[in-house]
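Colleague: Structure for this input, please:
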Amino acid sequence: SQTYLLGKDLVLKGLEKGIFYKEEDGSVWVDLSEIGLDKKVLLRKDGTSLYLTQDLGTAVSRHKDWPFERLIYVVASEQNYHFKVLFYVLKKLGYEWADNLYHLSYGMVNLPEGKMKSREGTVVDADNLLDQLVEMAKAEIEEKGKLEEGDDADKTAEAIALGALHYFLLQVSPNKDMIFDPRESISLTGNTGPYLQYMGARISSMLRKAPELVVAPEDVDISRLEQDSEWELMSLMGEFPEILSSAARDYNPSLIVSYLYDVGKLFSRYYHDNPIITCEDKETAKARLLLARCVLNVLKAGFKLLNIPFLER
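Modeller: Predicted structure coming up:
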């Protein structure tokens, strides 16, 4: 409501310059044949604005307030046409920064029982969904007896619920439709946020239990790590910077999600097959724990980027 007048002014100026044209009924249009489309109304015959007119004003005022290097519109794929037209019109109006606008077009999130439809009331309120996930997480950790004495069940359940929701939504490429299943998202096993949170908590627990094995990396004899599984883990962690670059370049957080799952899965197998803090040879134990600490660093960094709460316990 604060930018539609600016958008209207921009359209009228474009009309004066001959960028747009007026129909007999007084409405103002833009010819889109240059980008392989038809034509689009910018002002109705009574002079009132449309979404597109308002978005023109909003984009210009945004750039005035924050001269951005890149502006990303995170809006569903149903609006692909709208943003193609918006960016084209801004370019025609002479705004060179229109080249720095990007529409991150994402697919729709559906429920197991079908598509959400606001008219039929089959929509999900985010607050209600989080409350539901918190209750489910609470039931899951109580049933499995995962909490240590003195831990805050409510706080832990909320962190798990947020981890479950963010991980589940981000594990699919942005442009794909997906089905969100609350029950599946909250599981402590499989490809879920809580599974990786639990993995982080297990490594943290090892560090608490064996502080005497936590030494500076330069004091660790790395030659003790001679198994294929250890080198495989190190090699995979070495890919982290490139994964982050790709995710940023392609606007695709799902690359980070699947990478973290691969790291967690590989470490879980390694942890199952090899004693770490209980290893009889203390130098080997230090080297293996250093490897676990590196895995923890990768998980923590990934969680921060995906907005998944890290849990020490």
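Colleague: Run through the stretch 1-150 of the chain and note the low-pLDDT ranges.
Modeller: Scanning the stretch 1-150 of the chain for pLDDT under 70 picks out 114-124, 146-150.
Colleague: Do a quick rundown of the strands in the stretch 201-313 of the chain.
Modeller: Counting by DSSP state E, counting those that start in this stretch, the stretch 201-313 of the chain forms no strands at all.
Colleague: An error on my part: the question was meant for the stretch 51-200 of the chain.
Modeller: 71-76, 101-106, 109-110, 178-179.
Colleague: I'd say residue 151 and residue 313 touch.
Modeller: Yes: at 5.5 Å, residue 151 counts as touching residue 313 under the criterion of C-beta atoms under 8 Å. Quick note: C-beta positions are derived from backbone N, CA and C, even for glycine.
Colleague: quick one, what contacts residue 275?
Modeller: residue 285 (C-beta atoms under 8 Å, 6 or more residues apart in numbering).
Colleague: would you list every one of the helices in the stretch 1-150 of the chain?
Modeller: Here the stretch 1-150 of the chain has its helices, by DSSP state H, counting those that start in this stretch, at 4-16, 51-65, 80-92, 126-144.
Colleague: Equivalent analysis for the stretch 201-313 of the chain, please.
Modeller: Under DSSP H, counting those that start in this stretch, the stretch 201-313 of the chain gives helices at 228-238, 240-249, 254-273, 282-306.
Colleague: ok and the last one relative to helix 228-238, angle-wise?
Modeller: What that stands for is helix 282-306. Going by axes from the mean of the first three to the mean of the last three C-alpha atoms, to 10 degrees, helix 282-306 is angled at 30 degrees with respect to helix 228-238.
Colleague: so how far is helix 282-306 off the chain centroid?
Modeller: On the basis of C-alpha atoms, centre = their mean, to the nearest Å, helix 282-306 sits 23 Å off its chain's mean C-alpha point.
Colleague: The first one now?
Modeller: For helix 228-238, the distance between its averaged C-alpha position and the chain's averaged C-alpha position is 26 Å (C-alpha atoms, centre = their mean).
Colleague: Would you mark the buried spots in that helix?
Modeller: For helix 228-238, the neighbour count (16 or more other C-beta atoms under 10 Å) marks 230, 233, 236-237 as buried.
Colleague: Quick check: the gap between the closest residue to residue 161 other than its chain neighbours and residue 140.
Modeller: Of all residues beyond its chain neighbours, the one nearest residue 161 is residue 133 (3.7 Å), with distances taken as C-beta to C-beta, 6 or more residues apart in numbering. The gap separating residue 133 from residue 140 is 10 Å, by C-beta to C-beta, to the nearest Å.
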